[in-house]
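1. Only the shape, not the letters, is given here:
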């Protein structure tokens, strides 16, 4: 019989890995699944806003994330008709006054590693095919390396 986890999270991107970190930090048994093996790249979302940076800081990995990226203090936007706008990152009492640009290849793996350090289990290369409610839990059905797998949470 498969292990029964308190929580199964499907998707080890920034949201899934952060959720896994916070839950595992509270002693909750977490399984984090992703269809890819890590590190892996994504083509979107390299920019971290000041609010996102505050979460990264709370997770205790701001130094590592900062070293993997580039700090920016302002933005310049260009419209298709040639219009442009320049703005500094506004000051806020709770958030930093800068942004970070971090390649997803690096960011996602740092976040996933932090979740694992907190106690979450990670399984990559799992293609989830279905989720079904059982009596008192859910069963996640998928494939790993071409073989059927199931996880309970």
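-> Noted; the coordinates are in hand. Not measured: the values here are computed from a predicted model.
2. I'd like the mean pLDDT over stretch 26-38, please.
-> Taken as a whole, stretch 26-38 has an average pLDDT of 96.
3. Give me the residues contacting it.
-> Contact with stretch 26-38 is made by 3, 5-13, 16-17, 20, 23-24, 40, 108-109, 112, 115-116, 119-128, 140, 142, 151, 153, as judged by Cβ atoms under 8 Å, 6 or more residues apart in numbering. All C-beta spots, glycine's among them, are computed from the backbone N, C-alpha and C.
4. Helix or strand next in line after the lengthiest helix in the chain, which one?
-> Looking across the chain with DSSP state H, the single longest helix is helix 104-117. On the C-terminal side of helix 104-117, the closest following helix or strand by DSSP states H and E is strand 121-123.
5. so where do the helices sit in the protein?
-> Using DSSP H, the helices of the chain run over 14-25, 50-58, 62-68, 104-117.
6. and the ones you listed as JSON lines, adding mean neighbour count and distance to residue 86?
-> Converted to JSON lines, the helices of the chain look like this (neighbours: other Cβ atoms under 10 Å; distance: least, Cβ to Cβ, whole Å):
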{"stretch": "helix 14-25", "mean neighbour count": "21", "distance to residue 86": "28"}
{"stretch": "helix 50-58", "mean neighbour count": "17", "distance to residue 86": "17"}
{"stretch": "helix 62-68", "mean neighbour count": "15", "distance to residue 86": "24"}
{"stretch": "helix 104-117", "mean neighbour count": "20", "distance to residue 86": "26"}
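7. related to what we said a few turns ago, what's the angle from the longest helix of the chain to helix 50-58?
-> Helix 104-117 and helix 50-58 are oriented at 40 degrees to each other (axes from the mean of the first three to the mean of the last three Cα atoms, to 10 degrees).
8. what's the angle between helix 104-117 and helix 14-25?
-> 20 degrees.
9. what residues does helix 104-117 touch?
-> The contact list for helix 104-117 (Cβ under 8 Å, 6+ apart) reads 12-14, 17-18, 20-21, 24, 30, 32, 34, 38-46, 48, 59-61, 64-65, 68-69, 122.
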